Structures are given as C-alpha cells and as structure tokens.
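Student: The following block contains a protein sequence and its predicted model.
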Amino acid sequence: MPQLTRRSALAAATLPLFAFRAHAAPAKANVGFFTEAKPTMIAKGQGWFAEGVGAPITWTEYGSGAEINTAMVGGSCDIGLATGSVATAAGIAQGLPFQVVGLVDNIGPAEEMTVRTAANIRTPADFKGKKVATPFGSTSHFRLLGFLKTNGLTQRDVTVLDMKPAAIQAAWSKGEIDAAYVWAPAKSKIIEAGGTPFTTWDKLDKAGYAIADVIIVHNDFAKSHPDSVVGFLKAYGRALAMWRGSPEEAAKLVAQQAGVTPETAMAEMKAYDFVDLAAQTGEAWLGTPGKPGRFAEVLKGTADFLVEQRSIRSAPAVGAFGSALNSSFLQKAVA
Amino acid sequence: MRRVPGFLVTALSVALVLGAWVFVTTNGLVRDLFLPGPRDLWLGFSELMEDGYKGRTMAEHLGMSLLRVGAGFLTGALAGTVLGLAMGTSRRLDAAAAPFVEFLRPLPQLAYLVLLIVWLGIGEASKITMLFLAALPVAAIAARDGVRNIPPERLRMAQSLGASRGQVFWHVVAPSALPEILTGARLALGIVYGTLIASEIIAGSNGIGWMILDAGRFLRSDYAFVGILVIGLTGILIDRLLLLLERRVVHWAGR
C-alpha cells in the first residue's frame, strides 16, 4: 500500500481548490528584458509586472533579442519584454515556440544614425570608405543595412562593424569609428561626444524598414497561464498611463531603473512612440483575433530581408506571421 | 585476443558518430535549427563557397583568420623563444621574468580582452596582440626548459674543448634545446588557434571565428557547422605541417 505522506495529503486537499480556477498562477515567471529608458521600467521597478503575473518574476537582462530567442527555445524564458521586431521576425520564421502578445513601442526616430561631426558626412554617398558600427542582429543593424541597400551602397563600400552599445561609446571617444547606428543611452552619449544625428528613419519606415519593440510569450506559458499574460499587459498599460498623465514623475522612476538622470530619461522616452494597449488591437498593429493587423506584413518583410542577408534560411508566407500575433490577451487587458 | 589495428578503431569510431548524426537528423529526431543534417550542411557549404558570407568570400574569411593566427603565432613564438633561451641561460633573468610568464600562461585570454580594446582599439592590433600574448608564455617556458634540460657534461665538454660563450650557445645550447622549442611552438599554435574566435569577437566583420559567432546569432547552425569544420580541419592541417617540419629539422630527437 502506498504510504500516505504529509505532502501527498496536502496535495490531495488543495487539489479541489485549484480545480475552481481553470488556470493556476505560475510559481514564478522568467522575464527577459533590457535596461533602457521606457515606461516598462516603471512597471518593473514598482512591482506591477509581478502583481499582474500573480507570481514572483525572475528578471534576466539579455544582450539582444536573438539571445531571448535562444532562451525561449531552451525554455528558460517565459516572457520577452521589449524585444525587437527583427529577432521576433527571425524567430517566427524559424518556428520558435513563442507568440507576440503586445507592443511596447514603435521605434521611429529613437534608433538613428549618428555621424562623427568631424567626418564631414552630409549625403549617403559620403559613407563610402567609412566605418559604421552597430550591434549585429539588432533592429538598428536592420535599419543600417536597409539604409545601405536603399542608397545603392554595399558592405564593401562601407565597413560595417559588429559592436555592442558600450563598445561603440568607447570606440567613439577614441575616434575609431565614423558613424554608429544605435539606440539610447549610447546614442545620446556619442552625440554629446562630437556626433551629429543623420536622419534616416522617416524614409526607411516608408521603404519597409519599420522597426518596433514587442512583448513575446512562450507558447507553453501563454497556454497554461493566460491570466498572467493579461495581467502583464495591464501592468504595462498602467505604466503607460502614468507616463501620459504625469511624465515628470514617470521620468524620475524610469531614471532610477535605467541609471540615467531624469532629464535624459525624459528626452529618450520622447523619441519613442509608445502605443496604447487599445490602439495595439488596431489595423496598423496586432489587429484582432482572426484578423491580424498590418504588423504581420512588417514582420514578413523583415524576415524576407533576413533571408536575403542569409541570416535565416527561409521565411514562411505572411499568414504564419499573422497567426503568431495573438491579440486575445490585449482584448482582455483593455476590456 | 588478437590485436585490432588502430586505424580500424579510428575508422569505426568516426563511422559510428557519422552514422548517429545521419540517423537522428534524417529521422527528424532533432530540428535542423539545432543540428543540421547532411543535406542541409552540404547546401550551406555550397552556398558559402559560391556566394561567401556577408559580403566576403570564404577564402577571404579564412585568409583573414589565418593571417591573424600567423602574425600572432610567429611574433609570439619568436619573442617567447628568445626570452626563454635567455631565461634558460641566465638564472637572474629567469628569476626576474618568471613571475610574469607564469602569470600570463594560465590566464584566460578573454580576461584581458577588454583591456586590449581600451588600449589598442578595435582594429587588427588588439586582435593580434591577444594572439601574441597567448603564444608568448608557452614558447618561453618550452625554450627555457629546453635549455635547462641539456646534460651539464655536454656543456662542460664544449667548454673544456675551448669553445667561447657564443660558440657554446650556437653549437650546443640552441640545437640541444631545439626539439623542446619546436614542441613548444606546436603547443603555442594550438593555443593561438583556440584564441582566434575570442579575438574575432572584437568589432568583427570578417574571419571564420566571427562567421561562426554571427551565424549562431539567429541559429543559422548549418553555416556555424561549416565554419567549425573548416576551422577544425585547417587546425589539423597546420598541426601536421608543423609536425612534419619538426621531424625534418630535429630528426634526431628522441633517439
């Protein structure tokens, strides 16, 4: 006869309790993130995300969206917060086990080319023979390659170097690179150290090189803990509302988390187009269940470009990207 | 029991591993993202050979890598051998240089990668210096021990025959230490080769090591495997060449 231990007795006693709720809250959630100046940092710092998930969160900082993809495959990441659309498009094309449940921001001018003022770069043709650094595999890298392509430049005309944001700052101060395509805070720091913004984003967005940051969730987690996903999105909505309502206070909280001054946080956040949860279910972004929005086409275009670059082997039809957009959680979060 | 010839065991073990690889990949036991099958690998290989990788041909990538290895190894092994010979001849110099050489030898190269970037920048200088520093202590210690292990009577014999210090060095010390110097060089080359990928992390845009890292970013494992095969086979080839050189130059060693 199997022994009735205290633990199994306890489990038997609590079983009916859980049976009432269709989906139990997870014991904990692994969330991958990046340290940056965004309202997401408020929800992280104030514990709103943990509240929304209904469990303690293990926060892991990743170096790139590609790393989050790898962690998703290995099952060590449940939610990827503000991961870039490029890594996301690559992951969907490769059939990785995650879905897009929401958007953090439309990047717009927040990631942009900065040229060394002394390098005297005025037109795209001036980039010939110059050294441009960017973190490879990132949304910035994607835009930079798009910039080269749309201007008829190749990677033989321009030396494109693979560098992390911190390394870009160091190399910039030593005058080793002529330009960099990167995001804040590295972007603002190199502008301070003798850089000039070189606007590329408006043309590139129109030419199909739009980039965004999204929230992705592992398929298993989304299936077992849908309420936690809704709670997570609500927490972001709350932080976004605070940024809209009292930007000063929001910037202060973000600054603490990102390790910058409130003024810098404010300036950096103004460069992003943070999209309200309700607007995310619109035609331009995730759309509604069964009727995915145009963001699926952006992801498809991104994946096709990655195939052309040989970064991934093949990309499925636009339908596969549409079905990776799951707007049902957003609908519940704004309801 | 009859003895099985070594080459048969080798052939069997290679066939076994290849067979297991073909089996798990063709039966769909693993996804091609994690382990590409023979067909994917061949496709990836021919693509790389035809069109190159990210704007450069495979020959250019391999050439850049070998150039770095060559420059780092030659300078490092040469400087290390000179230092080691001096350390072996002079106890005082040995006492002065040993702490630095001994400290540097087991130090993982990635540990000082950041410093090299800060000091020397992101260009070839920091990459080659990293390889130089990997080769130097190994070569130095081999040369020093080579000198130390010379039987004293051999030195005394030369001296008693009236050889000058220079003559003793060139005719006795250097040739006697040569076998160990060459063994040290082979060891150093192995370490330099192993450090190559780490050195190509620095602001990369070319080289086989960089290609493997870059391909791995979006799980492009077919390219990564081709890179690993290329780097592995080239490594064996270089090692064999050095071994051949060693056997020719110091044919008397070990006899």
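Tutor: Done, it's in.
Student: rest of the way, CA atoms for contacts and neighbours
Tutor: Noted.
Student: what about A:Arg91, which SS state?
Tutor: Careful, residue A:91 is Gly and not Arg. helix (DSSP: H, G, I helix; E, B strand; the rest coil).
Student: pretty sure it contacts A:Asn69?
Tutor: Yes: counting by Cα atoms under 8 Å, A:Gly91 does reach A:Asn69; the two are 6.3 Å apart.
Student: What parts of chain B come near chain A?
Tutor: Contacts of chain B with chain A, taken as Cα under 8 Å from any Cα of the partner chain, map to B:33, B:53-55, B:118, B:121-122, B:202-205, B:214-215, B:217-220.
Student: The residues you listed in strands, which ones?
Tutor: Among the residues of chain B next to chain A, none falls in strands (DSSP state E).
Student: Mark which of those residues are buried, thanks.
Tutor: Neighbour-count burial (16 or more other Cα atoms under 10 Å in any protein chain shown) applied to the residues of chain B next to chain A gives B:33, B:53-54, B:121-122, B:202-205, B:214-215, B:217-220.
Student: Which pair of those spans the longest distance?
Tutor: Greatest spatial distance among these (Cα to Cα): B:Leu33 and B:Gly121, at 35.0 Å.
Student: distance of A:Thr83 from A:Phe142?
Tutor: Separation of A:Thr83 from A:Phe142 (Cα to Cα, to the nearest Å) stands at 14 Å.
Student: of the two, who's got more company?
Tutor: Remark: of A:Thr83 and A:Phe142, A:Thr83 carries more neighbours, 28 against 23, as counted by other Cα atoms under 10 Å in any protein chain shown.
Student: residues touching that one, list them.
Tutor: A:Phe33, A:Ser64, A:Gly65, A:Ile68, A:Asp213, A:Val214, A:Ile215, A:Ile216 (Cα atoms under 8 Å, 6 or more residues apart in numbering or on different chains).
Student: Please repeat the previous calculation with a cut-off of 10 Å.
Tutor: Listed by Cα atoms under 10 Å, 6 or more residues apart in numbering or on different chains, the contact set of A:Thr83 reads A:32-34, A:62, A:64-69, A:103-104, A:138-139, A:212-216.
Student: Considering only these, which also neighbour chain B?
Tutor: Among those, the residues that sit close to chain B (Cα under 10 Å from any Cα of the partner chain) are A:Ser64, A:Gly65, A:Ala66, A:Glu67, A:Asn69.
Student: Just the helices from the stretch 51-200 of chain B, written as ranges.
Tutor: Assigned by DSSP state H, counting those that start in this stretch, the stretch 51-200 of chain B shows helices spanning B:58-89, B:91-104, B:113-120, B:124-148, B:152-160, B:165-168, B:174-199.
Student: Determine how far the last residue of stretch A:274-285 lies from the first.
Tutor: Terminal residues of stretch A:274-285 are spaced 12 Å apart (Cα to Cα).
Student: so where's the longest strand in chain A?
Tutor: strand A:98-106.
Student: on that earlier part again, what touches both of A:Gly91 and A:Asn69?
Tutor: A:Pro97, A:Phe98, B:Phe218, B:Leu219.
Student: Ramachandran coordinates for the closest residue to the last one other than its chain neighbours?
Tutor: Counting by Cα to Cα, 6 or more residues apart in numbering or on different chains, the nearest residue to B:Leu219 once its immediate chain neighbours are dropped is B:Leu33, at 6.0 Å. Geometry field for B:Leu33 lists phi and psi as phi -70, psi -30, criterion degrees, to the nearest 10.
Student: and if you look at B:Ile201?
Tutor: Taking degrees, to the nearest 10, you get phi -70, psi -30 for the backbone angles of B:Ile201.
Student: Look at it and say how many residues are nearby.
Tutor: B:Ile201 has 21 nearby residues by other Cα under 10 Å.
Student: With the one 5 residues further on instead?
Tutor: Taking other Cα under 10 Å as the neighbour definition, B:Asn206 ends up with a count of 24.
Student: Likewise for B:Ala11?
Tutor: Neighbours of B:Ala11 (other Cα under 10 Å): 10.
Student: For chain A, what's the nearest residue on the stretch 101-250 of chain B?
Tutor: B:Ala203 (4.9 Å; Cα to the nearest Cα).
Student: so where's the stretch 1-150 of chain B uncertain?
Tutor: Across the stretch 1-150 of chain B, the ranges flagged by pLDDT under 70 are B:1-2.
Student: Tell me the residue of it that sits nearest chain A?
Tutor: Closest point on the stretch 1-150 of chain B to chain A, by Cα to the nearest Cα, is B:Gly55, at 6.1 Å.
Student: how close does the residue nearest to that residue when sequence neighbours are not counted sit to B:Ser205?
Tutor: Closest residue to B:Gly55 apart from its sequence neighbours, by Cα to Cα, 6+ apart: A:Gln155 at 6.1 Å. Separation of A:Gln155 from B:Ser205 (Cα to Cα): 10 Å.
Student: repeat for B:Phe7
Tutor: In terms of Cα to Cα, B:Phe7 sits 40 Å off from B:Ser205.
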